[in-house]
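**Q** can't give you the sequence, but here's the structure:
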């Protein structure tokens, strides 16, 4: 049984704080820009054709010429889906009739591209209907379906309009019929539909959605050799790719027997999200135990301090325990988004700070770093160290760019960031009948289904006071005390609170009129890595609250490689600077600078000079031109 | 004008010291094993077929069926050539009539595989004569020819037998006719023949060899687009490879305009060796200046402390300045051998310690590390840090193995190590009419052409006293004082010597009966990397004499990741231990061990405990099972 569930889409309305400002950037910049890209209206951006693919597929189904045919990746449809999902989230709390009309139009295109039997995929509908469902390994049919199901749920929740939801129920029914009723073999090469079907099930009550999700989870990896056999049956492929190593698509063993997070990291966390959701909904202790093991493996051995996962560019994948290189990192933005999904589902199954702490770590660091502060450029890859001249140039670091590039042709990350930020309320707040949960500190108003209505005021992650006012209702309020906050203080109506603490959450009975104040620790602090991580030996990283800090050349005389943090330094947070990096707090600390004598190798220890160093939050890096950046610093 | 030249092959006869013992391993283990591999007589080793290819090519030329045809890489012939060269060097000072008869037989096979017109290459002779010289980019025809020329020179010098030399003169004439007389366009994709032709020229006086070498150096990179054009003219390729990036084969610009060491590192240093040799022989100041720039770029910005070069597995190549990762290193053994060649030619052009220092660094560290101490297994790749469980497993480090594997199918490194060690005298000693040069400290006897005969007694690199006795002649003796030896003392016949020092060499007039003693500094010392190298920030490495040391788990409680070197530690060399690692000296020093609290990331600084750490010479690593190894250590 789930202990709690995410807040409804419309429950949270952001204020003018940090989250609200980010949602505004998505609304005003990212969503319109993304729509223009999807329609090939941005000069210089790579061709997308994603909307036109739906129009053309509709024409093909009507027996007309499919215009200029299909263009793009085999998973091009998912870009439209993710855009629709982000639009839905945005509309939920910021009605915009023009945007809604645009989305309705796109939904009409999507609906028209659905085959009579419920099939929906522009690639195969336009190019070759006979090849449907023959290449589960590469062809992303269920992946695209899953994203459109998520969009459908979101759009229905936001607008009450069920056109897309009905399309996707019909699509789910088509897939159910094929895979469950008719016994078509296999499971998707890229998990995603599992988590989407769980959303569909909850919204529609359609048991076929639940059963299909369970079926796809159950059969995965039972035949680890499935993709090889599948490939042997056909004479075509999408990418001429070799057969996946089974670990690459998390199908080396049945999912209930898996112990280590392997392979493509986005696939992995999307799968685990679906598994965790299913385990909670169906009370499946074996599946939940697998999720626990996978969670522990990721968060205790394979996760960057920034919440990045998937440390290698080779296959955008997990590697082995403790292999967390800073400079050759992959740490895809989408993978950290998926980690937030996974964390949120784990948190529903068991309210425990450790899930929310990771969710917060991933969101405030890697996810936000994925987007330029103006919302116009994006990182796929989020290294923890960048040295212009080497990063982006040397063969092993060609993917680690010192600055965010423009819109990619493979546009998975930007719309993923957009939907994550616009739906943050679902992750920040949870509830059950008796209790309202504050997992993250997001200012604004929250109306829980259970009747509690709160306002939340905070400058988080730059202010460390959080004030909730109970506007309506009488319930238990559960507030996470973040693991990093070694000191904290909670008052209710000005008096020290008599609070119960369980698994990192404070539980308080509250009623309308109550004012709850939480003071978290604003002191910058150092973090040290396990000695098992080769790349972290002797190093330290600076943090404040949920924010990991980094050192950029622009703040440090152009050179952070020669800097070491002074052991015993008491880092000092400077005043909030509204004019810097969309508003931020720098941290100043004592450091040592090593002199360079010009030799590649020298027998003399480098001269050391005491100095001050300046750090900025990791999520803001790379917004001030190409320059060095380093998270993990030498200690001196 | 060259200031000096390498000692003759037969000038140096090793004693029973370090070099002599290594030559014995080559003689007794590597050469016989390698011959068995080349003839496919070792069970479990990958098929070579290299000798049979020559037999089959001979049959093809006689119009017979070419047996079982060609097998192996397009450059398979070069394995036979390198074996012959190593055999020649070994025979030079250790006559062995059985081995010589075997080599004569192989030479007969080679001679029989030469076409009437002088062409010699089993791949094309067996597979398709019509395709000769149409794929300079990939096909290694000149590379194989170059290696066989080197073997021919060596075998003639060692045995006085000129059969192979005549074969290769005819081959050189064939290539000269085609490329110089008839103007066939292009230059070899893998340089090597240039340096070999210079050897042929010096031995035979054949001006066509010199002219051909100069031609191939002169035309290289003049048309940077040559390989693309060449590829467009044919409908076949050897590896279906794409056209090289021009920098990959050092042909982005004419060689005289090149400033940075680029591309495949073995190709690069083989080319630069030929260029340096040609520049000295022909008094070509522009070419020499290019060599100087390339030398400086390598040794001041792109070389590991161990003398390893070519830091990336991608193309086995140089990358960019200061990109010297320890764990993802490539640092191919052959590349360091090529760096020794380059250094030796630079030293001929100008006697300066800095060339010999690098030669010594590469030889005693990466080259020797390339071979297991028993001569039976080899590293291609020489990382400066290895963590079992990550190294050899994680995608970015799959090439960095924790233990030497068996004989590779691409067997370039083992025979290269063999020829380097057996010919060490050429690199250790040099001469001109007036002066005998001791570049390296290699015990044994040396008969210089100029009439000076010396004995050299030393336990180097474990003993730091070197004693030369002048057995015959009266000349100037020039002895390098290594850059790492900050203190040194020289006596002649027991009295402090009145020595002139120039560019790191001591010059002394000596005569028969003189005894010259040099005391070098035996104190272990720390080295620090430039702050421009991201991977060396705050780190230090331990050295003693020419030996770089490393820390292995087996000496340090199984864990070197949690160790830091104590700043101010005075490392102590232990007594020579004849029973350890074929005889070595461990170094003990004060260290700090960081405790691991089991957390991936912790807010508490790791507890520190003072301890002792043990280091062993880098060249001995990986001889005691899989275990952690690290050269660059944290300082505490």
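**A** Looks like it came in fine. In this text, all values refer to a predicted model and were calculated from it rather than measured experimentally.
**Q** Contacts only, for residue A:206.
**A** A:169, A:172, A:200 (C-beta atoms under 8 Å, 6 or more residues apart in numbering or on different chains). Where C-beta positions appear, they are placed from N, C-alpha and C, glycine not excepted.
**Q** ok, now residue A:247?
**A** By C-beta under 8 Å, 6+ apart, residue A:247 lies in contact with A:262-263.
**Q** sorry, back to before: let's see which of the contacts of residue A:206 end up in helices.
**A** Judged by DSSP state H, helices contain the following of the contacts of residue A:206: A:169, A:172, A:200.
**Q** Most neighbours among the contacts of residue A:206, which one?
**A** Counting neighbours by other C-beta atoms under 10 Å in any protein chain shown, residue A:200 leads the contacts of residue A:206 with 28 neighbours.
**Q** Please verify my assumption that that one contacts residue A:149.
**A** Yes: judged on C-beta atoms under 8 Å, residue A:200 makes contact with residue A:149 at a distance of 5.2 Å.
**Q** Residues in contact with both of those two, list them for me.
**A** A:168, A:172.
**Q** low-scoring stretches of the stretch 401-550 of chain A, by residue?
**A** Where the stretch 401-550 of chain A drops to pLDDT under 70, the residues are A:407-410.
**Q** which bits of it sit near chain B?
**A** A:484, A:486, A:525-534, A:537-538, A:540 (C-beta under 8 Å from any C-beta of the partner chain).
**Q** Now the closest residue in space to residue A:224 that isn't next to it in sequence: phi and psi?
**A** Excluding the flanking residues, the one nearest residue A:224 by C-beta to C-beta, 6 or more residues apart in numbering or on different chains is residue A:246, at 4.4 Å. The phi/psi pair for residue A:246 (degrees, to the nearest 10) reads phi -50, psi -40.
**Q** what number of residues lie near residue A:184?
**A** The burial count for residue A:184: 13, using other C-beta under 10 Å.
**Q** Can you tell me how far the nearest residue to it once chain neighbours are set aside is from residue A:218?
**A** If the residues on either side of it in the chain are set aside, residue A:184 comes closest to residue A:178, at 4.6 Å by C-beta to C-beta, 6+ apart. Per C-beta to C-beta, to the nearest Å, residue A:178 is found 16 Å from residue A:218.
**Q** Ok, residue A:550 next?
**A** 43 Å.
**Q** Of the two, which one has the most company?
**A** Ranked by neighbour count (other C-beta under 10 Å), residue A:550 and residue A:218 place residue A:550 first, with 29 against 16.
**Q** Pull up the pairing partners for the host helix or strand of that one, direction included.
**A** Residue A:550 belongs to strand A:547-552 when assigned by DSSP states H and E. If you go by DSSP bridges, strand A:547-552 pairs up with strand A:539-544 (antiparallel), strand A:608-617 (antiparallel), strand A:629-630 (antiparallel).
**Q** Kindly reformat those as TSV containing distance to residue B:224 and mean neighbour count.
**A** Shown next, in TSV, are the strands paired with strand A:547-552 (distance: least, C-beta to C-beta, whole Å; neighbours: other C-beta atoms under 10 Å in any protein chain shown):
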stretch	distance to residue B:224	mean neighbour count
strand A:539-544	43	24
strand A:608-617	43	18
strand A:629-630	35	26
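**Q** Let's have the ones you listed in JSON lines, adding distance to residue A:348.
**A** Listed next are the strands paired with strand A:547-552 as JSON lines, based on distance: least, C-beta to C-beta, whole Å:
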{"stretch": "strand A:539-544", "distance to residue A:348": "27"}
{"stretch": "strand A:608-617", "distance to residue A:348": "29"}
{"stretch": "strand A:629-630", "distance to residue A:348": "35"}
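**Q** what's the closest of the ones you listed to residue B:435?
**A** Smallest distance to residue B:435 across the strands paired with strand A:547-552 (C-beta to C-beta): 44.1 Å, for strand A:608-617.
**Q** Give me the neighbour count for residue A:74.
**A** Using other C-beta under 10 Å: residue A:74 sits among 21 other residues.
**Q** make that residue A:400, sorry
**A** Residues lying near residue A:400 (other C-beta under 10 Å) number 27.
**Q** And for residue A:88?
**A** For residue A:88, using other C-beta under 10 Å, the count is 27.
**Q** Give me the pLDDT value at it.
**A** Looking at residue A:88, its pLDDT is 97.
**Q** so who does it touch?
**A** By C-beta under 8 Å, 6+ apart, the contact list for residue A:88 reads A:9, A:103, A:151, A:154-155, A:157-159.
**Q** which residue sits closest to residue A:401, ignoring its sequence neighbours?
**A** Nearest non-adjacent residue to residue A:401, counting by C-beta to C-beta, 6+ apart: residue A:392, 4.6 Å away.
**Q** now do residue A:80
**A** Closest to residue A:80 by C-beta to C-beta, 6+ apart is residue A:50, at 4.9 Å.
**Q** which SS class is residue A:60?
**A** helix (DSSP: H, G, I helix; E, B strand; the rest coil).
**Q** residue contacts, it?
**A** A:66, A:125-126.
**Q** Could you chop chain A up by domain?
**A** A:285-406, A:428-520, A:526-635 (automatic domain parsing).
**Q** Could you tell me the end-to-end distance of the second one?
**A** The straight-line separation of the ends of domain A:428-520 (C-alpha to C-alpha, to the nearest Å) is 17 Å.
**Q** Then the first one?
**A** End-to-end span of domain A:285-406 (C-alpha to C-alpha): 45 Å.
**Q** now it, how far from the centre of its chain.
**A** 9 Å (C-alpha atoms, centre = their mean, to the nearest Å).
**Q** re earlier: if I look at the residue nearest to residue A:184, how far off is chain B?
**A** Residue A:178 sits 35 Å away from chain B, going by C-beta to the nearest C-beta, to the nearest Å.
**Q** How about residue A:470?
**A** Distance from residue A:470 to chain B, by C-beta to the nearest C-beta: 33 Å.
**Q** Run a quick neighbour tally on the spatially closest residue to that residue that is not a sequence neighbour.
**A** Excluding the flanking residues, the one nearest residue A:470 by C-beta to C-beta, 6+ apart is residue A:514, at 4.4 Å. Number of residues near residue A:514 (other C-beta under 10 Å) recorded here: 17.
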